[in-house]
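*Asks:* Next comes the sequence, and after it the predicted model I'd like to discuss.
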Amino acid sequence: MQLSPNGFLTIDSAQLEYRLIGPQPSDAPCIVLLHEGLGSVGLWGDFPDKLQQATGASVLAYSRAGYGASSPVTLPRPLDYMQREARDVLPKLLDAIGFRRGLLVGHSDGASIAAIYAGSHADHRLQGIVLIAPHVIVEDVSVSSIAAIKTTYETTELRTKLGRWHKDVDNAFHGWNGAWLDPAFRTWDITADLAYIRVPVAVIQGVDDQYGTLRQVEILQEECYCPVEVTMLPKTGHSPHREAPEATLRVIAEFAAATLPSPASQT
């Protein structure tokens, strides 16, 4: 299957938008980008382009169902929506794009999905994962910040701004916000998956992350048996790839150079 630079993938009953920069995933090492809880293909901005330039790899970003121009989802989302994405959707997507070897790079919810995938699939194609501001447990600071953004969404222009990036902005926002603010979600915990990760892990964490503390990183270091490289970025919040793009790109490019075969050696 030859992928166009932009298009849609049919995964089960959903149409998922994607953007591909560089070679076909079947022809070169591929970096798959997994967005945050309010993200989409478009919200990555020019980061995928810069990542492709920095690594020479194929870079593919996609919008999960309920985000961007992808199919909407039925609300409320199930509280294990990240586990479902990692175990049910992502394997089919990787097969559909012809993924042969590469990395998962996830931000926030996307980082959690990458970690769950790596821990629940013995996928020989996966060479490593990069976790940007990951969540492995639910902390008080996470819930407080997510409750505050709900008020912001309802009382400011945030809804209009997010509407630039999502075909159904209410579906995107309430699907994420509603799950995190459900009292039952406080027990969400992916620690058990971490011990089964068998590929190198790079963690990029902002010192001033308003959605999670250093405890998230400490749990990864404690529970993973694989190598875990941690980069703490000063004066950086929850979105290092937007707030400190050069440092974030450098970490990922160095990680890719150490873990991926060169595009020329891919057969």
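*Replies:* It's in. Numbers count the residues shown, from 1 in each chain.

*Asks:* what are the ranges of the helices in this protein?
*Replies:* Counting by DSSP state H, the chain has helices at residues 47-55, 81-84, 90-96, 109-120, 140-155, 158-162, 169-181, 191-194, 215-223, 240-243, 245-259.

*Asks:* What are the buried residues along the third one?
*Replies:* Buried positions in helix 90-96, judged by neighbour count with 16 or more other CB atoms under 10 Å: 90-91, 93-94, 96. Using the backbone N, CA and C atoms, a C-beta is placed for each residue, glycine as well.

*Asks:* For it, give the mean pLDDT please.
*Replies:* Model confidence over helix 90-96, given as mean pLDDT, is 98.

*Asks:* which residues sit against it?
*Replies:* For helix 90-96, the external contacting residues (CB atoms under 8 Å, 6 or more residues apart in numbering) are 1, 9-12, 16, 32, 34, 62, 113, 117, 121, 123, 125.

*Asks:* which one of the residues you listed sits closest to residue 22?
*Replies:* Closest to residue 22 out of the contacts of helix 90-96 is residue 32 (12.3 Å), distances taken as CB to CB.

*Asks:* Could you tell me how many residues sit around residue 52?
*Replies:* Counted with other CB atoms under 10 Å, residues neighbouring residue 52 total 18.

*Asks:* just checking, it touches residue 19?
*Replies:* No: Residue 52 sits out of contact with residue 19 when judged by CB atoms under 8 Å, with a separation of 10.7 Å.

*Asks:* tell me the pLDDT at residue 265?
*Replies:* On pLDDT, residue 265 comes in at 44.

*Asks:* now do residue 262
*Replies:* Looking at residue 262, its pLDDT is 66.

*Asks:* before we move on, what about residue 151?
*Replies:* For residue 151, pLDDT reads 97.

*Asks:* repeat for the one 4 residues further on
*Replies:* Per-residue pLDDT puts residue 155 at 97.

*Asks:* hang on, the earlier thing: joint contacts of residue 52 and residue 19?
*Replies:* Here residue 52 and residue 19 share no contacting residue, scored by CB under 8 Å, 6+ apart.

*Asks:* Now the contacts of helix 90-96 in a markdown table, please, with extra columns for distance to residue 159, neighbour count and pLDDT.
*Replies:* Below are the contacts of helix 90-96 laid out as a markdown table (distance: CB to CB, whole Å; neighbours: other CB atoms under 10 Å; pLDDT from 0 to 100):
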| residue | distance to residue 159 | neighbour count | pLDDT |
| --- | --- | --- | --- |
| 1 | 37 | 10 | 76 |
| 9 | 28 | 18 | 98 |
| 10 | 29 | 11 | 98 |
| 11 | 28 | 21 | 98 |
| 12 | 29 | 10 | 96 |
| 16 | 23 | 24 | 98 |
| 32 | 29 | 26 | 98 |
| 34 | 24 | 28 | 99 |
| 62 | 23 | 25 | 98 |
| 113 | 25 | 29 | 98 |
| 117 | 31 | 27 | 98 |
| 121 | 36 | 17 | 96 |
| 123 | 38 | 16 | 97 |
| 125 | 39 | 14 | 98 |
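
*Asks:* Could you identify the most distant pair in the residues you listed?
*Replies:* Every pair of these checked by CB to CB; the farthest is 1 and 113, at 23.0 Å.

*Asks:* Of all the helices of the chain, which one comes closest to residue 66?
*Replies:* Within these, the stretch nearest residue 66 is helix 169-181; the backing value is 4.8 Å (CB to CB).

*Asks:* which parts of that closest one are buried?
*Replies:* For helix 169-181, burial by neighbour count (16+ other CB under 10 Å) applies to 169, 171-180.

*Asks:* Next: stretch 111-124.
*Replies:* 111-121, 123.

*Asks:* nearest residue to residue 214 other than its sequence neighbours?
*Replies:* The shortest distance from residue 214 to any non-neighbouring residue, by CB to CB, 6 or more residues apart in numbering, is to residue 205 (7.2 Å).
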